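> One predicted model, sequence on top.
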Amino acid sequence: MQYCEKCSVELKLRVRCGDENTRDVSTRELISNHEGVKPILSQAAGSSDPGILLVKLRRGQEVSLRCIAKKGVGKEHAKWSPVANVAFEYDPSNRLRHTDFWVEENVNAEWPRSAYAAPSANGSYPDANNGINPPFDPKEEPRQFFFDVETVGSLRPEEVLLQAIQVLQTKLGSVLLAIDQETSSANIPF
């Protein structure tokens, strides 16, 4: 298999068990050909993370392998995504009335309130008929956005969000540049 040196790293492992005890071989023992690329281990203070268990060897057994770690993006395959789960909310109290709650008996029991929902006088979701919540404004726009990002451990959630914003800015910049080039070459006022 072909691979590029700029987007791939070779990792080698050669371990032999000479003891009577079973030997655990983990990712900690992988040797990288690039000093800046290593298997992920816990960074917690005082952590003695053994790494991810690869194989258990008995006396006389040996494992020798060569791995290619290839750089990729989550759009190509989920294995490259640093994020396990993302939740997004912009109207946790449903003040904008974008959600119709289908209810059989009790709206609060069937639709638990979000942790970000503003407290209401009666603890229920807005209802145009109860007169307790503020009047509905059809021109109102969302002003707050809530994100919960759960990572797989390779990056902190803050880093994921900042890098995602940088990628989005780069993509928007290239779109604006393309529009500018098209309008200037066609002499179209924009």
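Structure received. Numbering: from 1, shown residues only.

> CA only for contacts and neighbour counts going forward, please
OK.

> which residues in this protein form strands?
For the chain, the strands defined by DSSP state E cover 8-16, 23-26, 31-32, 53-57, 62-70, 83-89, 146-151.

> Can you add mean neighbour count, distance to Val103 and mean pLDDT and give those strands back as TSV?
Formatted as TSV, these follow (neighbours: other Cα atoms under 10 Å; distance: least, Cα to Cα, whole Å; pLDDT from 0 to 100):
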stretch	mean neighbour count	distance to Val103	mean pLDDT
strand 8-16	16	53	93
strand 23-26	18	52	93
strand 31-32	18	57	92
strand 53-57	13	49	94
strand 62-70	13	50	92
strand 83-89	12	21	90
strand 146-151	14	25	90
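
> mind checking which of these is nearest Phe136?
strand 83-89 (19.1 Å; Cα to Cα).

> all helices for this protein, in order.
For the chain, the helices defined by DSSP state H occupy 107-110, 157-186.

> And this structure, what are its domain boundaries?
Domain assignment for the chain by automatic domain parsing gives 1-71, 73-90+148-190, 91-144.

> Out of those domains, name the one with the poorest average pLDDT.
Ranked by mean pLDDT, these bottom out at domain 91-144, with a mean of 73.

> which residues touch Glu10?
32-34, 66-69 (Cα atoms under 8 Å, 6 or more residues apart in numbering).

> out of those residues, what pair is the most spread apart?
His34 and Arg66 (13.9 Å).

> With adjacent residues omitted, what lies nearest to Trp111?
Phe101 (7.6 Å; Cα to Cα, 6 or more residues apart in numbering).

> Tell me the spacing between Gly18 and Gly36.
Between Gly18 and Gly36 the distance is 31 Å, computed by Cα to Cα, to the nearest Å.

> These two: who's more crowded?
Neighbour tally, Gly18 and Gly36, criterion other Cα atoms under 10 Å: the higher count belongs to Gly18, 14 against 7.

> do you know how far Thr170 is from Ile52?
Separation of Thr170 from Ile52 (Cα to Cα) stands at 35 Å.
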